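K.L.:
I need the structure of the sequence given here:
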Amino acid sequence: MDKILEIGGYKISYDTHLFDKEYGITAELSEQFEWLYNECRKKNNPKIIGKLNQLIEKFPAVPILKNYLSIAYLNMGNSKKTEEITKQIIAEYPGYIFGILNEANICIDKKQYSKVPELLGKSLDIRDMYPEREIFQVAELTSYFKLAIRYYVSVNKPELAEDKLELLKEIAPEHHDTDQAESLLFPYRAARMQKMMEEENKNRISARIVRTLPPQTKNSPQFNHPEILNLYKYDFQIPKHLLKEIIELPRKSVIDDLEKILNDSIQRFEWFSKKKYDSNTHSFIFHSIFLLTELRAEESLSKILTFLEYDEEILDYWLGDHKTETIWQSIFFMSLSQLDELQRFLLKPGIYSYSKTVVTEALAQIAIHYPKRRSEILSIFSETLHFMLNAKKSDNVIDTDFTGLLIGDAIHCGFYELLPVIKLLYEKKYVSPMINGDYSEIENDIRQVDLLENKYELQNIFDFYDHVVETWYGYGGNDVDDDEDVEDVDYEDEDYFLPPKKTEQAVSEKIGRNEPCPCGSGKKYKKCCLLKNL
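P.N.:
Here you go, the predicted model:
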């Protein structure tokens, strides 16, 4: 017998031959079960009927064969025959759980819900059905829990179904019964999500973006170094030697050029946004930010923060998913000696919620990477939350999404000291509950943090670019030779900036971390299933 595991209070055997001796299953017959199982589940497969009847005649004491026969008839649309065989199974093998489960499924099909607890036990616990047994085979448990979940969904008790699903996932997370059971909850989760979103929208408070575009121009910047022009010609597949050449330029003048690129994205936004987006000609903003990061240009932090003060349309155009996926690392490296700049940014009115979240994520990672700075970051978080708590809506700083995301970063750091102010913010409805759940969940989660799990990798520009090219959608098949010559262009020719062809902006293969989680939990993906899918 295989090793017995105890999970969720159940002693479980994963031995597929656990009942072979009890039911007289020979090795020859056992070898056919997988094929028989697959064949009986096919639609309109009359050949399997004859094969099963032959085996039943040869092995009359094996209930699994009649179980397969009932499934085969069901998949042929002959529910009458399925019911007939199910009754035979129960009469001949009263302790055979799959016969009982089949009968319970038939009751649900007929909406005879009251009969299900009579068959499965009032508490819907398999141990009540078999009080004399200590060990259950895993297939018994997965089938039982799937049926219990179907029953609870049918009688409109999705909370109890979720409880059973949680236990089922603990017992057999990869089992097909687990997947099928979870799919039964999708309609309820979708309805719950819709209801939560409607309620969320009623209570949502967002900051009105203050910073507007400056007077626009079509004129390109005048750079100190011609090498900078290459940043307007490549996406993340830019040859590494071109990046190295820029990094090795005189520090002061190259930083000035990279800051001019930041300004260019804003001063010519209307001109660029009228063009079809092409990653080769529109990725210069990324190169600017990440090269400044590689140079540890702390003096440029204020310029990047100013860029983040623009509205969602501008930031989405230039940054896409990078807004919430990667820019935090730039803030991380450039702010290590000037956290006061970040504090001022968080208290500013009229800034997009996800721009502020870039900052709080960077702060959280500083606290995790440098434990000695925990109290410093905790103080910034505390001041920001208290500032939100005492603000008025007219101050244009309250943002329920941002507050929720900030609390999420506080959870990542294990800042349990913030619970009192978090509770007050919840009471004032200044927090989006869709992000981290209700206050009781936060109270639990913030004390059970694994900082190592929440510690993000820090990369240099070359490793980071490789990572984007290898894992983000939009870069396959467009490799650029690292030694490829750069074509000379006339920078004064405005047509240089016209994209040669249309390509989609590269995006992360993952679901946007700030989108609603598709699992239906009601939380943002960043705070729900993101880590499971990394």
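
K.L.:
going forward, measure contacts between C-alpha atoms and count neighbours the same way
P.N.:
Noted.

K.L.:
show me what contacts the residue nearest to residue 279 when sequence neighbours are not counted?
P.N.:
Nearest non-adjacent residue to residue 279, counting by CA to CA, 6 or more residues apart in numbering: residue 235, 5.3 Å away. Residue 235 makes contacts with 279-284, as judged by CA atoms under 8 Å, 6 or more residues apart in numbering.

K.L.:
redo that, cut-off 7 Å
P.N.:
Shown in contact with residue 235 (CA atoms under 7 Å, 6 or more residues apart in numbering): 279-280, 283.

K.L.:
And for residue 401?
P.N.:
The neighbours of residue 401, taking CA under 7 Å, 6+ apart as the test, are 353, 431-432.

K.L.:
repeat for residue 388
P.N.:
Contacts here follow CA under 7 Å, 6+ apart; on that basis residue 388 touches 397-398.

K.L.:
secondary structure element for it?
P.N.:
Using DSSP states H and E, residue 388 falls within helix 374-390.

K.L.:
which one of the contacts of residue 235 is nearest residue 89?
P.N.:
Nearest to residue 89 among the contacts of residue 235 is residue 279, at 64.2 Å by CA to CA.

K.L.:
Check what pLDDT the closest one gets.
P.N.:
For residue 279, the pLDDT comes out at 90.

K.L.:
Burial check on it, number of neighbours?
P.N.:
When counting by other CA atoms under 10 Å, one arrives at 23 neighbours for residue 279.

K.L.:
Among the contacts of residue 401, find me the one that's closest to residue 226.
P.N.:
Relative to residue 226, the closest of these is residue 353; by CA to CA it sits at 36.7 Å.

K.L.:
Check for me that residue 11 belongs to a strand.
P.N.:
Yes - counting by DSSP: H, G, I helix; E, B strand; the rest coil, one finds residue 11 located in a strand.

K.L.:
quick revisit: among the contacts of residue 235, which ones are in helices?
P.N.:
Among those, DSSP state H puts 279-280 in helices.

K.L.:
Quick check: of the contacts of residue 401, which has the highest neighbour count?
P.N.:
residue 431 (31 neighbours).

K.L.:
From residue 426, how far out is the closest residue to that residue other than its chain neighbours?
P.N.:
Excluding its sequence neighbours, the residue lying closest to residue 431 (CA to CA, 6+ apart) is residue 400, at 4.5 Å. The spacing between residue 400 and residue 426, counted by CA to CA, to the nearest Å, is 10 Å.

K.L.:
Next one: the residue nearest to residue 431 relative to residue 37, how far apart?
P.N.:
If you measure residue 400 against residue 37 using CA to CA, the figure is 52 Å.

K.L.:
So the two - more neighbours on which side?
P.N.:
Taking neighbours as other CA under 10 Å, residue 400 and residue 37 compare with residue 400 leading, 25 against 18.

K.L.:
Any chance you could list what contacts stretch 224-234?
P.N.:
Outside stretch 224-234, the residues that touch it by CA under 7 Å, 6+ apart are 246, 253, 257, 280-284, 287.

K.L.:
how about 6 Å then?
P.N.:
When contacts are defined by CA atoms under 6 Å, 6 or more residues apart in numbering, stretch 224-234 is touched by residues 280-281, 284.

K.L.:
Mean confidence (pLDDT) on that stretch, please.
P.N.:
For stretch 224-234, the mean per-residue pLDDT is 96.

K.L.:
CA atoms only: put it into PDB for me.
P.N.:
Extracted in PDB, the C-alpha atoms of stretch 224-234 (Å, rounded to 0.1, in the frame of the first residue of the first chain):
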ATOM      1  CA  ASN A 224      24.600  66.300 -26.700                       C
ATOM      2  CA  HIS A 225      25.400  62.900 -28.000                       C
ATOM      3  CA  PRO A 226      24.400  61.500 -31.400                       C
ATOM      4  CA  GLU A 227      24.400  57.900 -29.900                       C
ATOM      5  CA  ILE A 228      21.100  58.900 -28.200                       C
ATOM      6  CA  LEU A 229      19.400  58.800 -31.500                       C
ATOM      7  CA  ASN A 230      19.600  55.000 -31.500                       C
ATOM      8  CA  LEU A 231      17.100  54.900 -28.700                       C
ATOM      9  CA  TYR A 232      14.400  56.000 -31.200                       C
ATOM     10  CA  LYS A 233      15.100  53.000 -33.400                       C
ATOM     11  CA  TYR A 234      14.800  50.000 -31.300                       C
END
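
K.L.:
And that stretch, how far out from the chain middle?
P.N.:
Distance, stretch centre to chain centre, for stretch 224-234: 36 Å (CA atoms, centre = their mean, to the nearest Å).
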